[in-house]
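A.B. asks: Whatever this is, show me its structure:
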Amino acid sequence: MLILAIETATSRQSVAVVKDAHVLAQFHCEAGRSHTATLVPAIRDLLASQSLHVGDCDAFAVSIGPGSFTGLRVGLATVSAFRLVTDIPVVPVPTLEAMAWNLHNAALPICPVLRARTGEVYWAVFQWINNQLAQVVEDQVGTVASMAASIQEPTMVFGDGVVANQHELTERLGVLHCNVPGEAMVTSAVSLASAAGPRFRDGKIGEPGMAPRYIQLPAAVRNAKK
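C.D. replies: The predicted structure is shown next:
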């Protein structure tokens with residue numbers, strides 16, 4: 001199975017071509033807000049490096065959120081256009097779930113954390129059990145303090161939300177915050193493709209017109225904060 005995976009949920013742009021769990025080619029760069037200008041050329045060059053075309057793929061995998069409003073829409077619009085032309089299925093993958101594959105078969109609970117609005121983060125908690133990924137805490141958004149309060153046991157906490165709030169998290173979590181390899185701290189199209197494989201086999205294919213998945217605070221909480 002040949003998967004073209006596109007990860008644009010953060011300022012980091014990541015694209016990979018994966019065949020039967022083997023990475024044929026991958027590309028990563030810090031795109032900032034320029035996903036619109038750089039994504040399609042990156043895909044074209046990556047496929048060309050393997051003498052492939054978009055129509056050769058069996059599926060497109062895309063990060064569906066939470067994450068950057070603009071980045072998510074660029075990634076989703078791109079694969080939607082590819083599907084319209086080729087009729088190849090799109091597999092949407094929740095961003096935090098894809099990040100959990102950065103730490104495949106980790107022994108401890110894992111908590112991917114992404115920056116959200118100022119002073120807030122997105123997070124979830126997962127656990128690998130018998131080579132299967134289980135989500136223990138659903139996708140959340142809130143303050144760093146509320147995220148830290150949800151961690152009750154030694155957990156591998158990682159992502160750009162950790163990097164941006166390292167001091168506060170270290171103070172709040174202490175020994176519960178277990179170190180994570182540096183390469184696992186960022187979003188990855190390779191991990192996205194890994195997460196897409198089981199979803200594809202389970203028939204979790206995106207519908208035409210699907211929208212990014214944004215995680216919001218309950219209305220009452222938002223109003224109270226205002």
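A.B. asks: F126 - that's part of a helix, no?
C.D. replies: No: using DSSP: H, G, I helix; E, B strand; the rest coil, the assignment for F126 is strand, not a helix.
A.B. asks: can you pull the pLDDT of it?
C.D. replies: The model reports F126 with a pLDDT of 98.
A.B. asks: same deal with N223?
C.D. replies: 46.
A.B. asks: P112 too?
C.D. replies: 97.
A.B. asks: Okay, and the beta partners of it?
C.D. replies: F158 (DSSP bridges).
A.B. asks: I figured it hits A100, correct?
C.D. replies: Yes: judged on C-beta atoms under 8 Å, P112 makes contact with A100 at a distance of 5.9 Å. (C-beta placed from N, C-alpha, C; glycine too.)
A.B. asks: Touching both of the two, which residues are there?
C.D. replies: A124, F126 (C-beta atoms under 8 Å, 6 or more residues apart in numbering).
A.B. asks: Pick out whichever of these two has more residues nearby.
C.D. replies: Under the criterion of other C-beta atoms under 10 Å, the comparison of P112 against A100 puts P112 first, with 30 against 27.
A.B. asks: Contacts only, for that one.
C.D. replies: Counted by C-beta under 8 Å, 6+ apart, P112 has contacts L96, M99, A100, N102, W123, A124, F126, F158, G159.
A.B. asks: how about the helix or strand harbouring the fifth one: buried residues?
C.D. replies: Here W123, judged by DSSP states H and E, is contained in strand 120-129. By 16 or more other C-beta atoms under 10 Å, the buried positions in strand 120-129 come out as E120, V121, Y122, W123, A124, V125, F126, Q127, W128.
A.B. asks: List just the nearest of those to I6.
C.D. replies: Closest approach between the buried residues of strand 120-129 and I6, by C-beta to C-beta: Y122, at 19.0 Å.
A.B. asks: partners of that closest one in the sheet?
C.D. replies: L114, V141.
A.B. asks: ok, now which ones touch it?
C.D. replies: Here Y122 is in contact with 66-67, 95-96, 113-116, 139-141, 161, 215 (C-beta under 8 Å, 6+ apart).
A.B. asks: again, only using 7 Å
C.D. replies: Applying C-beta atoms under 7 Å, 6 or more residues apart in numbering, we find Y122 in contact with P66, L96, L114, A116, D139, Q140, V141, G161, I215.
A.B. asks: No further queries at this time; thank you.
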